[in-house]
Structures are given as structure tokens and as C-alpha cells.
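> pasting a predicted model and its sequence here:
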Amino acid sequence: MAELAIALNGINKSFGPVHANRDINLDVPRGSIHGIIGENGAGKSTLMSILYGFYQADSGEISVNGKRVSIKTPNDAIAAGIGMVHQHFMLVENFTVLENIILGAEGEPLLNKSISKARSELARLEREYGLEVDPDALIEELPVGLQQRVEILKALYRGADILILDEPTGVLTPAEADHLFRILGQLKEQGKTVILITHKLREIMAITDNVSVMRQGTMVATRRTRDTTVEELAELMVGRRVLLRVQKGESTPGDVKLSVRNLTVKDSRNVTMVDNVSFDIRAGEIVGIAGVAGNGQSELIEAIAGTRRAVSGTVTLDGKPIDVTGTVDPGELRDRGLAHVPEDRHHVGLVLAFEERENSILGYHDKPRFLNGPFLDLAVIEEDAKAKIEAYDIRPGNPHLKTANFSGGNQQKIVLAREMEQDPGVLIVGQPTRGVDVGAIEFIHKRLIAMRDAGKAVLVISVELDEIRSLSDRILVMFAGRIVGERGPEATEGELGLLMAGVEQQEAAQ
Amino acid sequence: MSAPFAKLPRWADYGLIPLVNLLVAFIVAGFVVMLVGENPFRAAMILVEGAFGRGQNIAYTLYYATNFIFTGLAVAVAFHAGLFNIGGEGQAYIAGLGVAIVALTFDRILPWYLTFPIAIVAAAGFGALWALIPAYLQAKRDSHIVITTIMFNYIAGSLMVYMLVDVIKPLGSMAPQTRTFDAGAQLPKLNWIIELFGAKIRSAPLNLSFILALIMAWLVWLLIWRTKLGYEIRTLGFSPKAARYAGISQSRIVIITMLISGALAGMMALNPTMGDQHNVSLDFVSQAGFVGIAVALMGRSHPAGIIPAAILFGALYQGGAELAFEMPNISRDMIVIIQGLVILFAGALEHMFRPSIQALFASFSPSSVGLGSAGKGSV
């Protein structure tokens, strides 16, 4: 048995009546890559927050490299040689790489000494781990993959021996993710220990040595990765068998429902985000738009759904134009049978401070059936909300509960229930399962397929390539605001990945 | 795990925390009283006695509270739409012009019960109109409503000086105010209600506007939590992006909300003019518009919180006046300091004691905190 880098013993943590971590034991051998998987709310983040000193356990012991330690703050964790790379980067955008690296470890009032020390140290780390990055580049000018590398360097610069990565691949292209995995492999070879938190089973299989599964606050199993399967892990996570890939029949496309021609959209900084895009969606098909986040997919669906004004181009719905460059109003589009599940359910699709029943009418609150003169007909609204809770298995099934208190998957179901139950002709869905657990993903995918089979036109954008491939009848790939290719659902991940990275386009240009 | 802090039970959230804040404000105020060489306990006694000691005092307290209910509601309604209406002062002041026009026109022709509804409409209308300009500038020109409403307070002040000194003042009078209203523009007093409880009242200004304020509080509750418009106002207030997504016109809601807010602030003008002084005089609003901000903050923008908060500030006004009278070392300005401390601790530092109270609760009874109480629909 190898020496243990981390040993957690009997960790308990409660938030009020919620037992977020219950008697957790975890052994991570030195020089290994250890995966931790579990659904949202399973307690992974709480456990890592305890290890990194954001929270303190109610009871239990933490040992690092065989020595019992007490970790009260992140500084204690850093001192114990633990580094963390957060899902959302903690970088100052308008600082250089070097300035970010020394942030919090500046040492003296005058920076020149620590900067030059950091520069030489950085060069060493780059040599050792293959972590090349220009130390004088501004963070905001770096692609996401490199920003993440800076986060890793930050942790290593502080002497981290044990690196915790929280959902590191959510923002990366497949190629960037592969590169990250190579780096992690190198770190492991140099004797570092890596803890990888993710919900992507494929990644677990690809790079970890051991994997621990959490469910409802408990550690349900730890397996050697080579002795387990994706199916087994999924079952351990959810507690029942799940279909990882939705079953669906052939699509039978009908008439064109939504037609986009030469659409161009700029963002608030006046940068062109969608560049002369054209496509059609027919009744009875799901069209998926693949792309790395930030390549214009968001702006595209916002423009079509009327929450962002386009600069030029036309969009027609059932043959009649939508005034996308002028006075388009999402309310009017709803009346015309276009429903929209926005990417950002926290700020756009829901009002988190509202009761569930109030959110179940957002956007449809002016429909006569919910109203009684100027008053909301609360009895009808509540009945309607209860019916949706029933049909979509939204939990907890309390229409008076504040929406912020639902889990991500259930929040998404609230939005989906609201939009799908209006029986729209066209459904636009942004990131249908972002932050949603495996069990709910299966449910949401089935619902989307059912919409298609009922003859609706469905447009899906997602940064999860697996999701796009398993749902779509046709896949459009967006890169730098343009549609750079169309493929069928049989397209391989590698092929789509290259398109998403803009490779084909660049080659064509040369 | 997005909830590192446990939640408190409802009664602690709405009762205990404001009470602790208030207590701390009074303790600090006590030190200030000691600083000028008076006994803080005697001062506190005088203040409470002065506010609630006799029927007379209670009537005065409720009279001041009437002003603050109106202006507190005005701030609260705007706040639900995410707008910070600092202009209640000016809106109420300009509304006095509306009251003056109605009162001076009808006080010798109509009985009070016919003049009153017309005056309500005029006060609300003038207040709303004064709020309309900043609202329009915010909705269409993106001028920040905090800045514009503050500026409009000064414009209102100057305009009213001009109107009272040069236009409305009766010829030959020295005072910058309207002539005294006749019986047709004098609201009935409500002192008899307090006398029902056995207290004796010589004269106090509590009048029918108090009932109007309570009705308005109920209507505001109805508007915000029971109507489609209220739903749209709250959606915009919580998330402008969600409002856009839901097809709610931001500029429309901004303008309508500010009209309602201005109208509520405007109705405040009825209380001191038709209810008490029976004229419209210079500076009759006397900071009630600003106190309304504190009242709305303390009352959590909910009518059920605004009414007690308004009574608290009414008590501070009334009890403070008595205190200044009884203790020569304590001037009128000291009372303002005490009010300021209440605003500081109950409004600005509202959450200062929350973590320690939460820790206290968690250590005594872990089951009383946490998501369990959220299931009952607490905020």
C-alpha cells in the first residue's frame, strides 16, 4: 500500500438539518489521480471545501501525508501543501499571468523582487510540468484553457503537493481537455497527487487511478478505475440503473418551422458574435449547435428568442417574419408558439427569490387563464404548478417553496415544464442539462425526444458534446460566430472537436 | 452546497433581529446622552413616556407615523422594482401645491367629505407627476433615478418657495403660506378613537389621513403580491434579465412604478395640511420623505413591517420633542442623532448581528435553523 497523501476519517458536516457529509472516509494514495464523482448536492463540493478550509467539519479527522492536521482556513490548507483549482477561475482579468501568480504571496510592499523570483520559479515549473504560458500576457487575452493553466501554476507556485480540481473541463474544448489530462499525468509522474471532482464519467475512466462515488452525503463506494465500468459508476451515483444515451427512433422532418437567414448579432461591446448565420429547422427534428462556450451560440439563440436585438438578417417563424432587428418581444413570440429555455436559468429563466408557483408562470403571467381582472388567480396558478410538479417529478413538490431552494436539476425542470407545457411549435433550449445530475439528464433528454416525436422543431445548444451527439438529428458547429460545418449524429467526437476548434476553417484559409 | 449560513426561524428574522438592532441603537444613543451629562435611563423614560405615556402623546405619535407610512410605502413600492426613489420629499412637497389648489377652491363650497377625495386625487396626481420626469429619464435616457430624484427635491424646494412667497400667499400677509382653510378642507380628528380607551385628549393632530394611510398600506400589499402588475414589478426588481425574457417592458414598469410611488409620497401632504395646520406652509414636509427611506428599509419593504417602523419613527419624533423640552442639555439636534443611530443600526447595519444570532441559534437548537423553515415559505 502506497503512502497516503490524504486520509479523511469520519468527516461529518451539517447545514442545519441537511447532513451534507455523513461519516466520510477517504484515502488518497500519494502520486495518484483520484476521481470523486456524484450528483449535484451529493456533497462533493462540501467535502472539498472542508479539505481546503472554506468550511470546518463538525467532526472527523484530516491527515495529510500521514500527519494529522487542522485546517481552519485556506491558508492552513496551502501550508499543508494543498492547492485548489476552482471551477470558476479566481483570476484578476486585467493583471498579467505573473501578477496573478504572486497575488496573495507578494511578500513585500515593493513588487520587483517577488516578480523576478516568480519569473524564475515559473520557468522552472514550466520546464518540469510542460505548463507553457507567457508570463507577461494579460489574463483576459488568454484562452480559457491557458487561464486554467495559470490557476494550476498558482497552486504549484505556492508549493502545492496535492491539487484539487473542481469540474475542470466544463469550459474546455475536447482538445484542451486532452491537454489538461496530459498535464495532470505529468504532475502525477512527478509525484504530485491530484483529486479530480467531476460528473463526467468518461474523464474518470480516462485518467484516474481510483474513483470514489458520493451519493446523498455519503461515500458509497471507492473503486480502482480499471476494475469498474461507466455503467457501474452511473448506477452507484444515482442508486438505480440509468440510460446514459437516450434511445430514439428515426426523425421524420416535416415543414420548415424556423428559418434563419444571414443573421448577424453584436454583443454589448459591439463585437460581432454571430456572423451571417443561416439555417432552417423543420418540424419533428432536433438540431444541435455544438461549439466551445463563447463562440456565438448564446447570442444566436438570444436573438432568435427575442431577448437580444440582432444587427441584421431575417428570421421567420412558420413562414412569417420575426422583427429580430427591431421591436421583437419575447412575449409576442410566446404567443406565436416559440418557447425558450434560456442558458442562464438563475438570472434569466427563473427569479430565484420567487416561489416555485410564481416561476411556473413567468412569461405566461399575462395569459387570461392565470388572471382574474388585474389580479393573479392564485388558485389556478397553484393548480397548474401542482400539475407540472406531478408531470415533471419536480422535487420537493411544494409550489410555495422558494425557487433558490431547489436543486439545479429541479430548477431546470421548472423551466422546462413551463415552456414545454405551453405546447409550442418551436422549442429553443440552451444548455438543457448544465449543472443537472445524471438522473435528471435522462429525464430531460427523453422529454426533448418526445417533443420531437410530437412534431415540434427543437433547437438545442450545449457545450456538452456528448449531449449534442446523443440528442441531435443534425449537428451544426459554430466557431467564431459562424457555422463552420454540418454533420449527422454519427459524426465522431474527434471530427466535431476539430470543427469546434476552428481547425478546418484555418486550414482552408491557408 | 450554496448555503453555508443556516436560516433563522421567521419570528427571529422579523422580530428578534430588528429588536436587537434597535436595542443596540439605543445603547449607543445612551452613551451620547451621557456625554452631554444627562442620565440616559431618565432620558429613555422621558422619551417613551413622551411617545406613549398619555392618550395625547399617542395621538401625536400616530400623527407623525401617518406621514412616515405614506413615504415609507412610496419608497417600498419603488424598491420592489429595483428603483431607489429618494425623491419622496420633493414629491410630497409638490403634492402640497395640489392640495392647496383643491382646498382653496372648494373649502367654502363643499363639505370636507367631498373635498377630501378631490384633494387625494390632486395630491396623488401632483406627487406622481413630479416622479414622472425622473422616471421618464430613467426609462428612456438611462439617467440614474437616485441622482435625478435627489435633484428634483431641490427643484421642488425652490419652486414651492416661489409659489408660496410670490403666488399663493394672501396679499398683505407676512407668512409664506396659504390662507387658513375653511371647514370644507379640514379633516376630522381621530382623537375620539383613543378616547374610547379611556384617555383624555385636549388637542392632537391625529386625523382621517391615518385611516387613509392604513388603507394605502393594504392596497400596496394587494398590488405587489396579488396583481399581475405587482408580479411584473417584482420580476423586474429581482432580475431585469428575467423581466426581459418574460416579455415585460422595463421602461413601462419603471414609469408606472414611479407614478405609484410618487402618488403615495404625494398623499403624505394631506396629513399636515388638511389634517393639522389647515394651510400649506413652507417646508411642511420637514424630512418625512427621507425618513420614509429608513422606514421602508426597516420594514423590509412590506406594509406589515412599514406600519410598525413608521410608528417607531413617529415615537422618536414625538418622544424626542418631549425630551428636548424636558432636558435642556438635549437639543433638537440630539434627537436627530438618536434617529440617525436607529437608521444606522436598523437600516444600514441590518445584518451586523445576524451571524452571531445564527450561531447562537445553531448551538441551542440545531433543528430550529436550516432549510426546514424555508419549507414553510419564509424569505
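Alright, I've got the coordinates.

> closest point of the stretch 301-450 of chain A to chain B, which residue?
The nearest approach of the stretch 301-450 of chain A to chain B comes at A:G331, 2.4 Å away (Cβ to the nearest Cβ). (C-beta placed from N, C-alpha, C; glycine too.)

> that should have said the stretch 151-300 of chain A, apologies.
For the stretch 151-300 of chain A, Cβ to the nearest Cβ, closest residue to chain B: A:G217, 9.9 Å.

> how much space separates that residue from A:S14?
Distance, A:G217 to A:S14, by Cβ to Cβ, to the nearest Å: 9 Å.

> hey, what's in contact with both of these two?
A:A20 (Cβ atoms under 8 Å, 6 or more residues apart in numbering or on different chains).

> of the two, who's got more company?
A:G217 (22 against 19; other Cβ atoms under 10 Å in any protein chain shown).

> nearest residue to A:T218 in space, please, no chain neighbours.
Nearest non-adjacent residue to A:T218, counting by Cβ to Cβ, 6 or more residues apart in numbering or on different chains: A:R22, 4.9 Å away.

> I figured that neighbour hits A:M214, correct?
No - here A:R22 lies out of contact with A:M214, judged by Cβ atoms under 8 Å, at a distance of 10.0 Å.

> between the two, what contacts are shared?
Common neighbours of A:R22 and A:M214 (Cβ under 8 Å, 6+ apart) are A:G43.

> check contacts around the residue of the stretch 151-300 of chain A closest to chain B.
Residues near A:G217 by Cβ under 8 Å, 6+ apart: A:H19, A:A20, A:N21, A:R22, A:A42, A:G43.

> let's see it at 10 Å
Counting by Cβ atoms under 10 Å, 6 or more residues apart in numbering or on different chains, A:G217 touches A:12-14, A:18-24, A:38, A:41-43, A:46-47, B:1.

> same question, A:N75
A:G53, A:G104, A:R158.

> confirm that it sits in a strand.
No - read with DSSP: H, G, I helix; E, B strand; the rest coil, A:N75 is helix and lies in no strand.

> how about stretch B:348-355, which residues are buried there?
B:E350, B:F353, B:R354 (16 or more other Cβ atoms under 10 Å in any protein chain shown).

> which of A:R22 and A:M214 has more neighbours?
Neighbours per residue (other Cβ under 10 Å) separate A:R22 from A:M214, with A:M214 holding more: 26 against 16.

> what distance do you get for that one to A:I36?
Distance from A:M214 to A:I36, by Cβ to Cβ: 7 Å.

> what touches both of these two?
A:L26, A:A42, A:G43, A:K44, A:L47, A:I197.

> touching, the fourth one and A:T218? I think so.
No - counting by Cβ atoms under 10 Å, no contact exists between A:K44 and A:T218, whose distance comes to 11.7 Å.

> which one of the two has more residues nearby?
Between A:K44 and A:T218, counting by other Cβ under 10 Å, A:K44 is the more crowded of the two (24 against 16).

> hang on, B:F26 is in a helix, isn't it?
Yes - secondary structure of B:F26 (three-state DSSP): part of a helix.

> ok, now which ones touch the nearest residue to B:S281 once chain neighbours are set aside?
Sequence neighbours aside, B:Q177 is the residue nearest to B:S281 in space, at 3.6 Å (criterion: Cβ to Cβ, 6+ apart). Residues counted as contacts of B:Q177 (Cβ under 10 Å, 6+ apart) are B:100, B:164-165, B:168-170, B:273, B:277, B:279-282, B:284.

> which among the residues you listed end up buried?
For the contacts of B:Q177, buried by 16+ other Cβ under 10 Å: B:A100, B:L164, B:I168, B:K169, B:T273, B:Q277, B:N279, B:V280, B:S281, B:F284.

> setting aside sequence neighbours, what's the nearest residue to the third one?
The spatially closest residue to B:I168, leaving aside those adjacent along the chain, is B:T178, at 5.2 Å (Cβ to Cβ, 6+ apart).

> from B:L212, how far off is the one you found?
To B:L212, B:T178 is 21 Å away according to Cβ to Cβ.

> so which of those two has more stuff around it?
B:T178 (25 against 20).

> can you list the weak-confidence ranges in the stretch 401-510 of chain A?
Residues of the stretch 401-510 of chain A meeting the criterion pLDDT under 70: A:504-510.

> one more time with 80
Scanning the stretch 401-510 of chain A for pLDDT under 80 picks out A:407-408, A:434-439, A:501-510.

> just the helices in it please.
A:408-420, A:438-453, A:465-471, A:493-500, A:503-509 (DSSP state H, counting those that start in this stretch).

> thanks a lot, catch you later.
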